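> starting from these lines, generate the structure:
(one chain, ligands or ions: 2)
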Amino acid sequence: LIVKITISEASKHVGKEVTIGAWLVNKRSSGKIAFLQLRDGSGFIQGVVVKAEVGEDIFKKAKALTQESSLYVTGTVQEDERSPFGYELTVTDVEVIHEAVDYPITPKEHGTEFLMDNRHLWLRSKRQHAVMKVRNEIIRATYEFFNHNGFTKVDPPILTGSAPEGTTELFHTKYFDEDAFLSQSGQLYMEAAAMALGKVFSFGPTFRAEKSKTRRHLIEFWMIEPEMAFYQFEDSLKVQEEYVSYVVQSVLENCKLELNVLGRDTSKLEQIKAPFPRITYDDALKFLHEKGFDDIQWGDDFGSPHETAIAESYDKPVFITHYPTSLKPFYMQPDPTNADVVLCADLIAPEGYGEIIGGSERIHDQELLAQRVAEHELDTETYKWYLELRKYGSVPHSGFGLGLERTVAWISGVEHVRETIPFPRLLNRLYP
Ligand code: 4AD
Ligand code: MG
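Ligands and ions are numbered 1, 2, ... in the order given. Okay, the predicted model is just below:
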């Protein structure tokens with residue numbers, strides 16, 4: 001009896017005859033031998049078909065195989081040092097499940113728009129496979145980190161009436177007779193959850209109708225949002241640097257092959273260990289002025305060229321702290337020593353990947369929060385429940401949001417976030 005295995009299980013079957021279900025990535029052949037590059041999602045392996053051993057019929061069939069045809073390939077597993085995956089299959093039989101005709105993504109180079117139009121197929125490529133594996137490892141390590149550290153996963157709603165990050169970038173929808181938005185952040189709900197469960201985290205999709213067409217912006221992206229009762233600003237920074245270090249080290253440990261496929265310089269990632277450097281907004285501004293960025297004044301937000309210039313001074317992610325109050329959302333706790341700035345931090349990734357985390361201590365004083373809600377002209381009925389969190393046993397608390405796709409881009413060394421999510425929603429792209 002021949003066992004059916006996945007390519008990733010090859011190491012357990014050396015010297016045995018097995019069958020794998022696979023797709024043909026590519027092939028090379030001569031009159032006597034054919035090399036089949038095979039993939040099955042779990043990995044990649046080369047099948048070697050020797051005419052003298054399989055006979056005329058099977059060899060002919062193997063030579064005629066087309067790219068992306070689905071197959072059952074039977075053969076004997078061999079160890080092979082030359083293969084990046086370590087194993088090879090000496091083929092004894094090939095059965096075609098479905099013949100693919102004219103697969104559009106050939107081994108030659110294609111333009112980005114063409115690849116994006118064919119995203120449903122492009123996902124099969126070795127590079128996209130590697131990126132999805134890194135993404136999966138970041139998600140796995142995230143759950144592991146927060147579960148090990150006493151956090152409870154809580155799922156905030158996607159359909160909401162509130163807008164934590166400002167009202168300009170909302171996706172509107174009808175909620176029967178009411179108006180609703182797609183969530184731009186689960187934070188406010190996570191604050192309620194923290195008052196019930198102490199340390200909580202969410203992981204879910206968020207939506208921003210941002211008219212930004214940059215390599216860092218998606219319309220739909222996934223965010224990890226921890227929220228911690230009794231944690232002050234500094235306590236939260238500690239969690240952030242430990243979490244990010246944990247994720248990077250997990251990817252280094254568990255995605256060696258993928259990082260290799262992506263050509264990632266792993267020496268840069270090896271240095272990513274807590275603690276991370278910190279710089280205040282004021283000092284960052286001074287630094288930028290010294291660097292010749294004359295256009296920027298106190299009270300202006302940093303753009304990506306500014307962030308990149310600041311990040312270039314460090315080989316780890318850097319926290320920019322204490323931004324002007326006017327730049328940040330209504331819920332941030334003012335610095336007790338200077339009410340013009342808030343107890344917040346953005347974490348900027350190295351190598352030009354930009355802001356991967358935004359976070360802060362939250363206002364826990366009911367009166368001050370009510371005042372901020374009014375100043376920001378937010379509807380007090382909509383935020384009534386949020387204000388009530390400060391009415392019954394209010395405590396200092398802090399939290400943050402990490403953007404998954406920017407983190408995947410940085411760790412994978414992928415230039416644009418469009419490659420870091422299976423089906424990116426971008427300005428002007430809803431297909432496929
Ligand atoms: O800085 P942001 O807007 O913070 C919040 O939403 C807070 N409520 C989070 C919290 O404290 N719970 O977004 C957090 C992160 C950013 O640092 C960035 O990594 C990512 O989300 N992000 C985006 N990623 C891709 N495309 C976009 N359009 C993004 N906008 C934000
Ligand atoms: Mg931000």
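
> would you confirm that Y386 contacts L188?
Yes. Between Y386 and L188 there is a contact under C-beta atoms under 8 Å: 5.3 Å. In this view, the C-beta of every residue, glycine as well, is placed from N, C-alpha and C.

> wait, what's in contact with A349?
A311, P317, E355, I356, R406, T407, W410 (C-beta atoms under 8 Å, 6 or more residues apart in numbering).

> show me what it is bridged to.
Beta bridges link A349 to G354, judged by DSSP bridges.

> so for it, what's the pLDDT?
Note on A349: pLDDT of 98.

> gap between it and L269?
Separation of A349 from L269 (C-beta to C-beta, to the nearest Å): 11 Å.

> okay, and the common contacts of those two?
Joint contacts of A349 and L269 (C-beta under 8 Å, 6+ apart) do not exist.

> which non-adjacent residue is nearest K291?
A309 (5.6 Å; C-beta to C-beta, 6 or more residues apart in numbering).

> name the element the one you found belongs to?
According to DSSP states H and E, A309 maps onto helix 304-311.

> count the neighbours of S412 for me.
Using other C-beta atoms under 10 Å, S412 is surrounded by 26 other residues.

> related to what we said a few turns ago, identify the farthest-apart pair in the contacts of A349.
A311 and T407 (14.3 Å; C-beta to C-beta).

> which bits of the stretch 251-400 of the chain sit near ligand 1?
Of all the residues in the stretch 251-400 of the chain, those in contact range of ligand 1 (C-beta under 6 Å from any ligand atom) are E355, I356, I357, G358, G359, G399, F400.

> so can I have TSV of the residues you listed showing neighbour count?
Below are those laid out as TSV (neighbours: other C-beta atoms under 10 Å):
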residue	neighbour count
E355	18
I356	24
I357	25
G358	20
G359	26
G399	27
F400	25
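
> which of those residues sits closest to P157?
G399 (16.9 Å).

> in contact with the closest one, which residues?
Here G399 is in contact with 187, 190-191, 194, 225-228, 231, 236, 359-360, 362 (C-beta under 8 Å, 6+ apart).

> please name the bridge partners of it.
Beta-bridge partners, per DSSP bridges, of G399: E227, S360.

> what's the answer for L159, then?
Beta-bridge partners of L159, as defined by DSSP bridges: L182.

> check contacts around it.
By C-beta under 8 Å, 6+ apart, the neighbours of L159 are T173, Y175, A180, F181, L182, S183.

> for L389, see how far away the nearest residue to the second one once chain neighbours are set aside is.
Of all residues beyond its chain neighbours, the one nearest Y175 is L159 (6.2 Å), with distances taken as C-beta to C-beta, 6+ apart. Note on L159: its distance to L389, by C-beta to C-beta, is 20 Å.

> give me the common contacts of Y386 and L188.
With C-beta under 8 Å, 6+ apart as the test, Y386 and L188 both reach S162.

> how about the contacts of G399 in a markdown table, adding pLDDT?
Shown next, in a markdown table, are those (pLDDT from 0 to 100):
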| residue | pLDDT |
| --- | --- |
| Q187 | 98 |
| M190 | 98 |
| E191 | 98 |
| A194 | 99 |
| E225 | 98 |
| P226 | 99 |
| E227 | 99 |
| M228 | 99 |
| Y231 | 98 |
| S236 | 98 |
| G359 | 98 |
| S360 | 98 |
| R362 | 98 |
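
> which of these has the most neighbours?
Going by other C-beta under 10 Å, E227 tops the contacts of G399 with 32 neighbours.

> which element is the residue of the stretch 1-150 of the chain found nearest ligand 1 on?
Of all residues in the stretch 1-150 of the chain, I138 sits closest to ligand 1, at 12.6 Å by C-beta to the nearest ligand atom. If you go by DSSP H and E, I138 is part of helix 126-148.

> so which bits of that helix are buried?
128-135, 137-139, 141-142, 145-146 (16 or more other C-beta atoms under 10 Å).

> show me where the stretch 151-300 of the chain has its helices.
187-197, 233-254, 256-261, 266-270, 281-290 (DSSP state H, counting those that start in this stretch).
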